[in-house]
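**Student:** 3D model of this:
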Amino acid sequence: MSKETLRFEEAMSKLESIVQKLESGDVPLEDAITLYKEGMELSAYCHGKLQDAEKQLITIIDKDGQSSSFDPSKGQDTNG
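**Tutor:** Predicted coordinates:
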């Protein structure tokens, strides 16, 4: 399954499995390196998915149907 069709939840599950295998300490060095690389790729993939989701969530549609960015660090706009 390619990463393009991999769902976030599936990627997280695979990443958790890799972490458990690496933490067990029973993995030969060569396999551990391969698992580590795969884990880093999955981690980057999940991070990208989370950033995409955040971008979607911080876009607000105003009462006129126009979309605008929302900066959560500034809080609620009390001028409108």
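**Student:** Checking residue 26 next. Helix, strand or coil?
**Tutor:** Classification of residue 26 using DSSP: H, G, I helix; E, B strand; the rest coil returns coil.
**Student:** what about it, neighbour count?
**Tutor:** By other CB atoms under 10 Å, 9 other residues sit near residue 26. Every C-beta, even on glycine, is put in place using the N, C-alpha and C of the backbone.
**Student:** which parts of the lengthiest helix in the chain are buried?
**Tutor:** Across the chain, the longest stretch assigned as helix under DSSP state H is helix 29-57. For helix 29-57, a neighbour-count test (16 or more other CB atoms under 10 Å) marks 35, 39, 42, 45-46, 49 as buried.
**Student:** same thing with stretch 14-31?
**Tutor:** Going by neighbour count (16+ other CB under 10 Å), the buried part of stretch 14-31 is 14-15, 18, 27.
**Student:** Where does pLDDT dip in this structure?
**Tutor:** Applying pLDDT under 70 to the chain picks out residues 1-4, 60-65, 68-80.
**Student:** now for the helix or strand residue 10 falls within, which elements pack on it?
**Tutor:** Residue 10 is part of helix 8-24, with elements assigned from DSSP states H and E. Here helix 8-24 touches helix 29-57, going by 3 or more CB pairs under 8 Å, 6 or more residues apart in numbering; DSSP states H and E.
**Student:** Which elements pack onto the helix it packs on?
**Tutor:** Secondary-structure packing of helix 29-57 (3+ CB pairs under 8 Å, 6+ apart): helix 8-24.
**Student:** which residues are contacting the helix it packs on?
**Tutor:** By CB atoms under 8 Å, 6 or more residues apart in numbering, the residues outside helix 8-24 that reach it are 1, 3, 27, 32, 35-36, 38-39, 42-43, 45-46, 49-50.
**Student:** by how many degrees do that helix and helix 29-57 diverge?
**Tutor:** Angle of helix 8-24 versus helix 29-57, following axes from the mean of the first three to the mean of the last three CA atoms, to 10 degrees, is 150 degrees.
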